[in-house]
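Trainee: can you look at this prediction? I've put the sequence above it.
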Protein chains: 2
Amino acid sequence: MIYAREQLSEIIEKYIAALPFPAEPKELFAPISYSLEGGGKRIRPLLVLMGANVFSDNIERALPCAGAIEVFHNFTLLHDDIMDNAAMRRGKPSVQKKWNHNTAILSGDAMVIYSYTLLQQTSYEILPKVLHEFNKLALEVCEGQQYDMDFESRNDVTIEEYMNMIRLKTSVLLAGAAKIGAIAGGANDADCDILYRFGIELGQAFQLQDDLLDAYGMEETLGKTVGGDIMEAKKTFLTINALNEAGGATRRALIATLQDQHLPLQQKIGRVKTIYNSLDIPEITRTVISEHLTRATEALDTLTVEPARTEALRELVQMIRNRDK
Amino acid sequence: MIYAREQLSEIIEKYIAALPFPAEPKELFAPISYSLEGGGKRIRPLLVLMGANVFSDNIERALPCAGAIEVFHNFTLLHDDIMDNAAMRRGKPSVQKKWNHNTAILSGDAMVIYSYTLLQQTSYEILPKVLHEFNKLALEVCEGQQYDMDFESRNDVTIEEYMNMIRLKTSVLLAGAAKIGAIAGGANDADCDILYRFGIELGQAFQLQDDLLDAYGMEETLGKTVGGDIMEAKKTFLTINALNEAGGATRRALIATLQDQHLPLQQKIGRVKTIYNSLDIPEITRTVISEHLTRATEALDTLTVEPARTEALRELVQMIRNRDK
């Protein structure tokens, strides 16, 4: 059967809620359950199951992979929160805030390993392929995180470098998820690669939306402070484009504003957004997002399956196109 | 052919030195090479190859597993050093000292994943079994580390709890290494389990020796300060046994001395060792170490292979029996 997104979401929530973590040592496993209960959009495991469902009615086979991908994703959030010294995650205290620093490191470590424990439940015939994809994306996510940290101290990051960084940090996980789903669904190599490309395009769009929403989203829908990236003078698609587009004076004003430690936060955000607006940065960003989403859909068009089988993925693209949080 | 320990050591060093790490991002991979160059005794990868060589002349098949085990072991050291805030490791600055805290976290993460990347190179027929063993030991090592941290704030740790903690933190890695080697060597399940038991006994002895050497080793041979555990008032086999054996007054004196923040270090170490000596703790510890090593050798006796094939493992037991560093 072909599953609707809501059905797949329900299957994932049930699966994650039923994951059998040992009871002891409590300090190790309680933070893992806490992280996974945190919710989030579950887009990555959804991509695994949707990817499988494109090629097969049997999505059961892809479930451990979906679980592995979601646990791994939450591990990256947990360790990122240590590195960013973040106090909150999804409206709740982060693990290192609720427990402590060492617990956050060690629980994160256990989560990576646990994701492989789930992966290991994959049928033997596809295990080598799945493991290969998973290892590849997992290492690339670390590379992306490292580049992201490297960029903090640089003012000459190019758009190409930035797009490569978010490809590694964000998109390969979505792409790998869709491809692993396809492998579990029995797709041939060419179709697996198409789903990978689909995931990359979706991921790039997704991350650029994050950048855009961080500055232009609504606090109420977003559930977090708007302007966080500006506050931390983070390199984002908006900043880098603005630095590229701006003439000398505006460029200097932007850098000065971003680096000004004394400017009240709301004023800083206001000034930076005024510069963004004057340079048409929101529109430029929206155009690039739209192009990536269009390419995602076009990738699906090249699959040789009946249209109904890609419906859920197309809907997901649409959902992401319209997202405001 | 049956390999001698020196030959296997050489094969391991060559393999590790030739591991193909990406050049970029440098901050991510340089600390990994740095950690692996650090040397150490390479006992765990040796156990993999020796385990394989008991059952097969072909040790090539076990090499990626040996690499995975060694990379994983070094990952645990790297993250342990963050959690312990250790400045030195094997006579060199620790990664978080030489680079920084975030680099140490992220490089450690990449090392876990890299160990799975090596594991993935295992032949398909044995991959599921090997992956299962690896996942099991890896999660248990995290559990052991958590118990170790839990024990810091407890004064009522029993010997049984302590032995279980070091089984998880230290021995399952040695046991898993030997067993994975056996799997790669084509051993049957019973023989694999024997090598696992062998590794557990060896590991327990090894950790108790660490405890003993930390207080009674020679600084020159050990290459580190003697008395580190006493300085940090760590729960070790020596402390826990002493607390068990001592009468009320001696017990109170031991606790007071360990917790005294003002006592000069050498004086503290001297006093604690005097109490240990009066309670025969070194002798008790040596006896238990010897019992574990004897059980390790006895496990080998139950294998149905020609004696020459277990020679290297028996030599390793002997080497560990005599180690003074």
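Mentor: Ah, there it is.
Trainee: going by C-alpha atoms from here, please, whenever you check contacts or count neighbours.
Mentor: Fine.
Trainee: can you list the low-confidence ranges for chain A?
Mentor: A:223 (pLDDT under 70).
Trainee: how about the strands in it?
Mentor: Per DSSP state E, chain A carries strands over the ranges A:88-89, A:92-93.
Trainee: ok, which of those comes nearest B:Tyr3?
Mentor: strand A:88-89 (53.2 Å; CA to CA).
Trainee: still on that earlier bit, what would the strands of chain A look like in TSV with distance to A:Gln209 and mean neighbour count?
Mentor: Output for these, formatted as TSV (distance: least, CA to CA, whole Å; neighbours: other CA atoms under 10 Å in any protein chain shown):
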stretch	distance to A:Gln209	mean neighbour count
strand A:88-89	19	16
strand A:92-93	23	13
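Trainee: interface residues of chain A facing chain B?
Mentor: A:25, A:27-28, A:79, A:83, A:102-103, A:105-106, A:109-110, A:113-114, A:116-117, A:120, A:124, A:127-128, A:131-132, A:135-136, A:138-139, A:142-143, A:146-147 (CA under 8 Å from any CA of the partner chain).
Trainee: can we see that at 7 Å?
Mentor: A:25, A:28, A:83, A:102, A:106, A:110, A:113, A:116-117, A:120, A:124, A:128, A:131-132, A:135, A:138-139, A:142-143, A:146-147 (CA under 7 Å from any CA of the partner chain).
Trainee: which among these end up buried?
Mentor: Buried positions within the residues of chain A next to chain B, assessed by neighbour count (16 or more other CA atoms under 10 Å in any protein chain shown), are A:28, A:83, A:102, A:106, A:110, A:113, A:116-117, A:120, A:128, A:131-132, A:135, A:138-139, A:142-143, A:146-147.
Trainee: in helices, which of these fall?
Mentor: A:28, A:83, A:102, A:106, A:110, A:113, A:116-117, A:128, A:131-132, A:135, A:138-139, A:142-143, A:146-147 (DSSP state H).
Trainee: count of neighbours near the nearest residue to A:Leu222 once chain neighbours are set aside?
Mentor: Spatial nearest neighbour of A:Leu222, excluding adjacent residues (CA to CA, 6 or more residues apart in numbering or on different chains): A:Lys325 at 4.6 Å. By other CA atoms under 10 Å in any protein chain shown, 16 other residues sit near A:Lys325.
Trainee: ok, now how distant is A:Lys325 from chain B?
Mentor: Going from A:Lys325 to chain B by CA to the nearest CA, to the nearest Å gives 28 Å.
Trainee: wait, isn't that residue in contact with A:Glu220?
Mentor: No - using CA atoms under 7 Å, A:Lys325 makes no contact with A:Glu220, being 9.3 Å away.
Trainee: got the contact list for the closest residue to A:Ala62 other than its chain neighbours?
Mentor: Residue nearest to A:Ala62 in three dimensions, not counting chain neighbours: A:Ala184, with 5.4 Å by CA to CA, 6+ apart. Counting by CA atoms under 7 Å, 6 or more residues apart in numbering or on different chains, A:Ala184 makes contact with A:Ala52, A:Arg61, A:Ala62, A:Ile126.
Trainee: contacting residues for the second one?
Mentor: A:Arg61 makes contact with A:Thr122, A:Ala184 under the criterion CA under 7 Å, 6+ apart.
Trainee: so how far is chain B from it?
Mentor: 16 Å.
Trainee: same thing with the first one?
Mentor: For A:Ala52, the distance to chain B under the criterion CA to the nearest CA works out to 22 Å.
Trainee: isn't that residue right up against A:Ala182?
Mentor: Yes - A:Ala52 is in contact with A:Ala182 according to CA under 7 Å; the separation is 4.7 Å.
Trainee: which non-adjacent residue is nearest the most centrally placed residue in chain A?
Mentor: Of all residues in chain A, the one closest to the mean position by CA atoms, centre = their mean is A:Thr170, 4.5 Å from it. Spatially, and ignoring its direct neighbours in sequence, A:Thr170 is nearest to A:Gly203 (6.1 Å; CA to CA, 6+ apart).
Trainee: what about the one you found, neighbour count?
Mentor: 26.
Trainee: the residue most distant from the middle of chain A, which is it?
Mentor: Per CA atoms, centre = their mean, the most distant residue from the centre of chain A is A:Ala249 (35.1 Å).
Trainee: now do the contacts for A:His132.
Mentor: Counting by CA under 7 Å, 6+ apart, A:His132 touches B:Gln120.
Trainee: please report how far it lies from A:Pro31.
Mentor: 28 Å (CA to CA, to the nearest Å).
Trainee: tell me how many other residues crowd A:Asn164.
Mentor: 16.
Trainee: roughly how far apart are it and B:Met165?
Mentor: 43 Å.
Trainee: what's the answer for A:Thr103, then?
Mentor: Taking CA to CA, one finds A:Thr103 at 17 Å from B:Met165.
Trainee: one more: A:Val141?
Mentor: Note on A:Val141: its distance to B:Met165, by CA to CA, is 32 Å.
Trainee: the more surrounded of the two?
Mentor: Neighbour comparison, A:Val141 and B:Met165: the larger count goes to A:Val141, with 24 against 21 (by other CA under 10 Å).
Trainee: run through the residues that contact that one.
Mentor: Contacts of A:Val141 (CA under 7 Å, 6+ apart): A:Leu168, A:Lys169, A:Thr170.
Trainee: what about A:Thr76, how many residues close to it?
Mentor: Count around A:Thr76 with other CA under 10 Å applied: 23.
Trainee: the one 5 residues further on too?
Mentor: A:Asp81 is surrounded by 19 other residues when neighbours are defined as other CA under 10 Å.
Trainee: which residue packs closest to it, ignoring adjacent ones?
Mentor: Per CA to CA, 6+ apart, closest to A:Asp81 is A:Ser94, 7.0 Å.
Trainee: the one you found: how many residues sit nearby?
Mentor: 23.
Trainee: please look at it and A:Ala87 and confirm they touch.
Mentor: Yes - in this structure, A:Ser94 is within contact of A:Ala87 by CA under 7 Å, at 5.3 Å.
Trainee: in the helix ranked longest in chain A, what's buried?
Mentor: In terms of residue count, the longest helix belonging to chain A (DSSP H) is helix A:189-216. By 16+ other CA under 10 Å, the buried positions in helix A:189-216 come out as A:191-215.
Trainee: cool, stretch A:4-12 as well?
Mentor: Here stretch A:4-12 shows A:Arg5, A:Leu8, A:Ser9, A:Ile11, A:Ile12 as buried, counting by 16+ other CA under 10 Å.
Trainee: please flag which of the residues you listed sit within helices.
Mentor: Those of the buried residues of stretch A:4-12 mapping onto helices are A:Arg5, A:Leu8, A:Ser9, A:Ile11, A:Ile12, per DSSP H.
Trainee: return the member of those nearest to chain B.
Mentor: Checking those against chain B with CA to the nearest CA, the nearest one is A:Ile12 at 22.8 Å.
Trainee: and the residue nearest to A:Asp81, what does it touch?
Mentor: A:Ala86, A:Ala87, A:Met88.
Trainee: distance check, it against chain B.
Mentor: 17 Å.
Trainee: with adjacent residues omitted, what lies nearest to the residue of the stretch 151-300 of chain A found nearest chain B?
Mentor: Taking CA to the nearest CA, chain B has its nearest neighbour within the stretch 151-300 of chain A at A:Met165, 10.7 Å off. Nearest residue to A:Met165, sequence neighbours excluded (CA to CA, 6+ apart): A:Gly144, at 5.1 Å.
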